[in-house]
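Student: Attaching a predicted model along with its sequence, questions to come.
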Amino acid sequence: MKEVKIQVKNDHLKRTTKVKKPILAIAELIWNSFDADAEKVSVRFYENPIKGIDKIEVSDNGHGIFDDDAEMSFGSLGGSWKKNKKRSKQKRGLLHGQAGKGRFRSFSLGEIVNWRTM
């Protein structure tokens with residue numbers, strides 16, 4: 001497992017992660033799954049004892065992010081590999097995002113976000 005630290009100031013990250021509708025952050029994660037050539041995507045909500053949402057898990061069977069690409073993908077805002085591409089890497093499906101900031105919208109859902117890739 002490789003840990004990558006984000007090099008961005010808090011004020012900029014807060015502006016980027018703000019969304020009026022948090023469901024859009026979940027939609028962004030789902031689209032990223034399809035951009036990684038996933039054929040199956042699941043979203044699971046975990047409740048706490050008082051019936052609030054404690055955890056949200058988005059999982060898929062896409063190709064994930066390779067260790068060599070982790071720094072580029074999470075080390076900064078912007079600079080998405082999708083910027084000048086029209087199709088996904090392996091299955092050549094149409095791509096969704098291009099701005100390189102959607103993955104950080106996850107922080108509008110909670111303070112702790114974990115990405116696991118294989």
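Tutor: The structure has been received and is ready for your questions. Since this is a predicted model, take the numbers as computed values, not measurements.
Student: what's the spacing between the spatially closest residue to residue 39 that is not a sequence neighbour and residue 107?
Tutor: The shortest distance from residue 39 to any non-neighbouring residue, by C-beta to C-beta, 6 or more residues apart in numbering, is to residue 61 (6.0 Å). Every residue, glycine included, has its C-beta placed from N, CA and C. For residue 61, the distance to residue 107 equals 25 Å [C-beta to C-beta, to the nearest Å].
Student: Who has more neighbours out of these two?
Tutor: The residue with the greater number of neighbours, taking residue 61 and residue 107 and applying other C-beta atoms under 10 Å, is residue 107; the counts read 17 against 14.
Student: Now the more buried one: closest residue in space that isn't a chain neighbour?
Tutor: Counting by C-beta to C-beta, 6+ apart, the nearest residue to residue 107 once its immediate chain neighbours are dropped is residue 17, at 3.9 Å.
Student: if you count residues, which helix in the chain comes out on top?
Tutor: In the chain, with assignment by DSSP state H, the single longest helix is helix 23-35.
Student: Show me what that one is packed against.
Tutor: The helices and strands touching helix 23-35, judged by 3 or more C-beta pairs under 8 Å, 6 or more residues apart in numbering; DSSP states H and E, are strand 41-47, strand 53-60.
Student: For residue 10, find the nearest of the ones you listed.
Tutor: Within the helices and strands packed on helix 23-35, the stretch nearest residue 10 is strand 53-60; the backing value is 22.8 Å (C-beta to C-beta).
Student: Done for today, thanks.
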